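In: Generate coordinates for the sequence data below:
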Amino acid sequence: MAQIGAALGRQFSHELISAVARKSQQQLDYALAQLVSAELIFCRGTPPDAEYTFKHALVQDAAYSTLLRSQRQKLHAHIATTLERQFPEIAAGQPEIVARHCTEAGLSEAAFDWWRKAGELALRRSAFGSAVAHFDRAIGLADGLADTAAHRLQQLRLQTTYAQALVHAKGQSAPETNAAFTRARKLAAGVEDASERFPAYYGLWTGSYNRVDLTSMRELAEACLHDVRRWPGSPEAGIAHRVSGITSWFQGDYPGARVHLEQALAAYDHERDHHMVAGFAWDPGVPAMFYLAVVLWTVGEVDRSVGLMEQALNLALGSGHVPTIGYARICTCIFAAIRRKFGEAAPHAEKLVGLARERGLPQMLAYGTFVLGWSSWCGGQSDGEAEMRDGLALLREMGIRPFEPFFGTLLAELEGTAGHVEAGLATLAAQLAIIEQTGQHWCDADVHQARGELLLKRETSDVAAAEQAFTQSIEIARTQQARSFELHAAANLARLWRDQGKRTEARDLLAPIYGWFTEGFDTPDLKQAKALLDELES
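Out: The predicted model follows:
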């Protein structure tokens with residue numbers, strides 16, 4: 001009886017050992033009573049509802065070691081079968097228990113299947129560390145199974161899902177995550193179905209994006225588009241257009257980004273596509289809406305962009321899917337920060353940090369910490385700067401760099417406002433170097449306009465250099481059709497010219513840019529531009 005209990009685990013129920021032991025009730029109860037009397041096991045409750053626990057793991061190990069290998073395997077096989085047939089609620093709720101017994105029994109194929117089920121259940125429960133461990137066991141067994149077309153497909157699906165679990169547990173840029181997706185792509189080469197290959201391409205693209213490897217981003221985005229060319233309205237087509245749109249946005253190509261992201265959103269069907277979270281980390285509609293919102297705000301469609309971001313957040317909150325909710329809060333925080341709406345960012349940043357700590361999500365913790373620090377500092381709390389720097393350090397530690405120049409710009413603005421103008425200018429110089437190194441040009445105009453503001457804050461204002469920075473920001477924004485950035489820089493330059501007595505030039509610069517806008521007139525930038533124009537025309 002001690003041997004059977006040891007095989008069941010450190011703890012076991014009277015009901016389970018009764019089913020496995022195949023002894024009379026009298027024999028069973030006598031043996032268990034002897035073990036309890038000898039203080040080898042403890043009993044909680046009264047049979048048949050009792051629960052037993054080995055006094056020490058060494059006692060369990062000693063009992064287990066007396067079993068011959070063949071006896072162990074037969075016993076574990078019997079336990080696995082008993083759990084499946086007589087305890088379906090345990091098998092369904094704790095598949096890792098059945099998986100362990102199948103593994104010990106040498107039933108590789110059954111063990112593989114049960115470890116896979118255990119990983120998938122843990123993933124649905126957002127227990128990402130457990131999911132990674134379970135999938136790892138399944139992958140180790142999969143390599144020894146027969147090489148058939150069906151098995152290759154199953155292996156690819158397992159590898160991709162394992163990689164997605166690593167996205168949440170370790171981060172998108174973690175070496176383990178990249179290695180998992182790289183292996184998934186190799187496995188995908190042996191599968192004919194393009195829709196089955198797609199998650200591997202997508203996973204590698206997300207890693208390239210977070211490492212800001214533009215060459216790889218382009219190559220993988222093109223591979224995604226190539227694979228879905230025959231299915232223009234499919235869920236995969238929507239994702240292919242999304243990664244192509246984000247790649248275009250990353251480079252500062254706002255018109256190209258808009259075309260792809262509009263197509264991505266048009267291809268999205270929530271009822272059909274929300275189940276894709278297992279292969280693509282989160283509901284695919286949320287990132288499509290977020291990046292399109294950023295693009296639309298930048299090109300001047302302010303009201304639609306805000307509505308789209310609200311739609312993305314509501315979609316995520318309604319999903320109940322923890323990673324999707326966390327991702328949507330990241331997106332909401334960043335969108336608010338781009339618009340310099342610290343009051344909008346603060347509550348989402350607080351919830352994001354709480355969720356990240358509760359669930360052990362390092363990437364979300366890094367973003368949340370930075371934005372919470374920024375919004376706190378903007379709200380008058382001096383410790384916000386330390387949180388911003390902590391958040392940046394976490395992002396760098398994980399190799400996550402897509403918003404690095406933008407976050408650096410926010411930090412430089414803080415340094416300038418705090419009176420550390422030269423430090424702020426040095427921070428901006430570092431961001432411009434990163435932009436040139438990575439090709440991440442989406443916020444170029446914002447960086448140069450922030451630089452102009454800091455130059456005017458020097459003890460001896462560097463007016464000529466500030467004018468040049470504002471002009472450069474305007475020129476970049478016009479090339480990119482980034483009208484919101486253009487308006488901000490033009491308003492600053494117009495104020496500078498007004499102060500220099502060049503009121504006509506200031507009005508002629510600002511009026512046509514303001515005149516382009518057809519919505520968003522209640523936003524601070526447009527209100528301030530209108531007030532300045534009224535002043536210049538009076």
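
In: Check the protein and tell me which residue is nearest its centre.
Out: residue 327 (5.5 Å; C-alpha atoms, centre = their mean).

In: Find the nearest non-adjacent residue to that one, please.
Out: Among residues not flanking residue 327 along the chain, residue 282 sits closest, at 4.7 Å (C-beta to C-beta, 6 or more residues apart in numbering). From N, CA and C alone the C-beta is placed, and that goes for glycine too.

In: Likewise for residue 157?
Out: Distances taken as C-beta to C-beta, 6+ apart put residue 196 closest to residue 157, at 7.1 Å, once the chain neighbours are dropped.

In: Just give me how far stretch 49-56 sits from the chain centre.
Out: The chain centre lies 41 Å from the centre of stretch 49-56; the measure is C-alpha atoms, centre = their mean, to the nearest Å.

In: Quick one: distance of the strand or helix carrying residue 292 to the chain centre.
Out: Assigned by DSSP states H and E, residue 292 falls within helix 285-299. Relative to the centre of its chain, helix 285-299 is centred 16 Å away, using C-alpha atoms, centre = their mean.

In: Look up the pLDDT of residue 279 for me, please.
Out: With respect to pLDDT, residue 279 scores 73.

In: residues near it, how many?
Out: Neighbourhood size, residue 279 [other C-beta atoms under 10 Å]: 22.

In: One more: residue 147?
Out: Neighbour tally, residue 147, other C-beta under 10 Å: 9.

In: picking that back up, check what pLDDT the residue nearest to residue 327 gets.
Out: 87.

In: How about residue 120?
Out: 92.

In: Then the one 4 residues further on?
Out: According to the predicted model, the pLDDT of residue 124 comes to 87.

In: what sits against it?
Out: For residue 124, the contact set (C-beta atoms under 8 Å, 6 or more residues apart in numbering) is empty.

In: for this protein, which helix is longest?
Out: helix 149-170 (DSSP state H).

In: and it, what's its mean pLDDT?
Out: pLDDT averaged over helix 149-170 gives 87.

In: quick one: average pLDDT of the helix or strand hosting residue 488?
Out: Per DSSP H and E, residue 488 falls inside helix 483-499. Helix 483-499 carries an average pLDDT of 97.

In: Ranking helices and strands of the chain by mean pLDDT, which lands last?
Out: Across the helices and strands of the chain, mean pLDDT, DSSP states H and E gives its lowest value to helix 277-280, namely a mean of 76.

In: if we can go back for a sec, please point out which parts of the longest helix of the chain sit buried.
Out: 152-170 (16 or more other C-beta atoms under 10 Å).

In: next one: stretch 422-431
Out: For stretch 422-431, by 16+ other C-beta under 10 Å, it's 423-425, 427-428, 431.

In: same thing with stretch 86-100?
Out: 87, 90-91, 95-100.

In: helices or strands next to the helix or strand that residue 315 is a member of in the packing?
Out: In this assignment (DSSP H and E), residue 315 forms part of helix 302-319. If contacts are counted by 3 or more C-beta pairs under 8 Å, 6 or more residues apart in numbering; DSSP states H and E, helix 302-319 sits against helix 285-299, helix 322-338.

In: tilt between the longest one and helix 302-319?
Out: When you say that, I think you mean helix 322-338. 160 degrees (axes from the mean of the first three to the mean of the last three C-alpha atoms, to 10 degrees).
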